[in-house]
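Give me a 3D structure for the following:
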Amino acid sequence: MERTLQTPQSAALTIERLLQFATQNGLIEQLDVYTSRNALLDLFELAEPFQGEVPAEKLNSPVGLLEELLDAAWEAGLLEENTMTYRDLLDARIMGLMMPRPSEVVSEFWKIAKTQSVEAATAYFYKQSIDSNYIRMDRIAKNAYWLAETAYGDLEITINLSKPEKDPKEIALLKTLPQSSYPLCLLCVDNLGYAGRVNHPARQNLRVIPLELDNEKWYLQYSPYVYYNEHSIIFHEKHIPMKTTANTFYRLLDFIEQFPHYFIGSNADLPIVGGSILNHDHFQGGRHKFPMEKAPSEKAFSHADFAGVKAAIVKWPMSVLRLSGHNKQQLYKLASKLLDDWRAYSDAEAEVLAFSEKDGQRIPHNTITPIARNNARGEYELDLVLRNNRTSAEHPDGIFHPHQHLHHIKKENIGLIEVMGLAVLPGRLQEELAAIAKLLTGKAELSRELSDTSHPLHKHADWIAALLAKHGASLTADAANTVLQTEVGSKFMDVLLDAGVFKRDDAGQAAFGRFLAAVGFAQL
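Residues are numbered from 1 along each chain as shown. This next block holds a predicted model:
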């Protein structure tokens, strides 16, 4: 039986309140209200708008109003299922009806950049992405976050709780859906205005800013699940695979010249050490000072062919060479040379092999994770993180990857964000750490069932035993929480140490020195 909206005036009032929010926050102008109102009335199958007085109010977010409308939509039969996925598809459609056209956003962005500053322009664009609920700040606020003191400075730890999990019905449905190749991926510009489907998010409230990097067309957007302030995605106009080349460095430097208040970096371009989307060339940027940027230089070097460029090994768990200078071309050329040198470099003593043979093919293993910024001295600065994706019988997931004893905390690829010192840990840890805290406070007893592989804490069994031996089982709740945050931070430091190509011991640093000497650097 078809449902009908039981409280049409209530829904109509919520629509008016949402229109008020949209005008207050510059999503639409006053004249646009009529078009947006009629589109929303049509969407909710309402014959007329609210007839009473709309209360004057100032809201910081549209989320509460959207939830009311989504409840009304379910009541009226406008939602196929009352799950988060279907609700997300509809709320993006609702907000899309109260947004300026993409070209209008671009025009306003560059107008602000020209008359005020590019910093003011990104502030406008970021606020719009939040106000339109494209960036779902209410969910991001659920993420756990803390700083963990280590020998390499305070590392940032976050447990990702913001991405919604699929309903079991939806998971089953996904297996029956026909495969679609449109849009080709989540980063394609074709996503602009896309209505979405169960296995692809709606993007009616997405807006992008066209850029030119190294004479090619790119786009800037914000990540819908920001991990740090103004978390940006800069993606190529075409659906082409990630590839770290000399052009990569030029594009990064080109970007920070146009956006001097942002950093920009790239995931590496090989499996294991690369990012989660390797099929569409893209960078990540934003306005955040990561722990790696704060890390000091510990050994200075020079290169005879690049006298204007300073070089230094960074005191960091991974193998980072920091280049800086005022000459963009010199910096670009030296970074390009280093990439070529590193791709061809082998040091068996340090387990670094540039290539291996498989089925008659030469498989490359060396690449770089690069990060660019403007430093406090007004110089261009490049952090080049050396990566290698070899595997072995002992370390089938990667020799320079979190080793198996750390997988209970972090098993996934160590991409750009983790490289810079921000751990993005899986959501499962929230409940698992809470359960371990109960053991440390004595509110729960250690179960023999922990040895059962199906037990949710089984993967942590050795760690739990070590924690109890070290801290006992009578901590206060606050003390247990502090202990776990410190210990997780220590684990993340170990993750980064595992991912480092040249280890932090004497032998590893000697190997780092051998590489730098081999490619023309002299220690100062």
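
what ranges do the helices span in the stretch 401-524 of the chain?
Along the stretch 401-524 of the chain, the stretches classed as helices by DSSP state H, counting those that start in this stretch are 416-419, 428-441, 461-471, 477-499, 506-518.

Centroid-nearest residue for this structure?
Residue closest to the average C-alpha location in the chain (CA atoms, centre = their mean): Y227, at 5.3 Å.

I figured that one hits T158, correct?
Yes - counting by CB atoms under 8 Å, T158 is a contact partner of Y227 at 6.5 Å. Using the backbone N, CA and C atoms, a C-beta is placed for each residue, glycine as well.

shared neighbours of these two, anything?
Residues touching both Y227 and T158 (CB atoms under 8 Å, 6 or more residues apart in numbering) are 422, 424.

so who does A437 touch?
A437 neighbours (CB under 8 Å, 6+ apart): 477, 480-481, 484.

pLDDT score assigned to L386?
We have a pLDDT of 98 for L386.

From the contacts of A437, list the buried ones, please.
For the contacts of A437, a neighbour count by 16 or more other CB atoms under 10 Å gives the buried set as 480-481, 484.

which one among those gets closest to L13?
L13 has its nearest neighbour among these in N481, at 43.0 Å by CB to CB.

show me what contacts the closest one?
By CB under 8 Å, 6+ apart, the contact list for N481 reads A437.

what bits of the stretch 351-500 of the chain have low per-residue confidence?
For the stretch 351-500 of the chain, no stretch has pLDDT under 70.

switch to 80 and redo it
Of all residues in the stretch 351-500 of the chain, those with pLDDT under 80 make up the ranges 447-449.

contacting residues for the residue nearest to the centre of the chain?
Y227 neighbours (CB under 8 Å, 6+ apart): 158, 160, 417, 422, 424.

I363 - nearest residue in space that isn't next to it in sequence?
Counting by CB to CB, 6 or more residues apart in numbering, S356 is the residue found nearest to I363 once chain neighbours are left out, at 5.0 Å.

and the one you found, that one's in a strand?
Yes - counting by DSSP: H, G, I helix; E, B strand; the rest coil, S356 is located in a strand.

measure it to I399 for me?
According to CB to CB, to the nearest Å, S356 stands 12 Å off from I399.

Please apply the same query to A73.
The gap separating A73 from I399 is 52 Å, by CB to CB.

and what of N143?
Distance from N143 to I399, counting by CB to CB: 31 Å.

Of the helices of the stretch 401-524 of the chain, flag the one that's most buried.
Mean neighbour count (mean count of other CB atoms under 10 Å) peaks for helix 416-419 among the helices of the stretch 401-524 of the chain, with a mean of 23.

Next SSE downstream of the helix or strand bottoming out on mean pLDDT in the chain?
Using mean pLDDT, DSSP states H and E, helix 168-174 stands out as the lowest-scoring helix or strand of the chain, at a mean of 59. Counting by DSSP states H and E, the next helix or strand C-terminal to helix 168-174 is strand 209-213.

Give me the buried positions along that following strand.
Across strand 209-213, burial judged by 16+ other CB under 10 Å covers 209, 211, 213.

again, but for stretch 134-148
For stretch 134-148, a neighbour-count test (16+ other CB under 10 Å) marks 134-136, 139-140, 143-144, 146, 148 as buried.

coming back round to it: that's a helix at the residue nearest to the centre of the chain, yeah?
No - going by three-state DSSP, the assignment for Y227 is coil, not a helix.

Now do it against I240, distance only.
25 Å.

K243 and S276, how far apart?
With CB to CB as the criterion, K243 and S276 are 16 Å apart.

Between the two, which has more neighbouring residues?
Neighbours of K243 and S276, each counted by other CB atoms under 10 Å, are more numerous for K243; the result is 12 against 9.

and the closest residue to that one other than its chain neighbours, what does it touch?
In space, and not counting its chain neighbours, K243 is closest to D269: 5.2 Å by CB to CB, 6+ apart. Residues near D269 by CB under 8 Å, 6+ apart: 241-244, 278, 367.

Considering those, which possesses the most neighbours?
T367 (23 neighbours).

In this structure it contacts A268, no?
Yes - between T367 and A268 there is a contact under CB under 8 Å: 4.6 Å.

Quickly list what's touching both of these two.
Counting by CB under 8 Å, 6+ apart, the shared contacts of T367 and A268 are 244, 274, 387, 389.

Next up, the contacts around the second one.
The one in question is G274. For G274, the contact set (CB under 8 Å, 6+ apart) comprises 242, 267-268, 367, 389, 413, 415.

burial of the residue lying closest to D494 once chain neighbours are set aside, as a residue count?
In space, and not counting its chain neighbours, D494 is closest to L406: 5.9 Å by CB to CB, 6+ apart. The local packing of L406 (other CB under 10 Å) involves 17 other residues.

Does L406 touch M493 like I think?
No - here L406 does not reach M493: they are 10.3 Å apart, not a contact under CB under 8 Å.

one step back: anything in contact with each of S356 and I399?
Here S356 and I399 have R390 as joint contacts, going by CB under 8 Å, 6+ apart.

who has more neighbours, those two?
When S356 and I399 are compared for neighbours, I399 comes out ahead with 21 against 12, by other CB under 10 Å.
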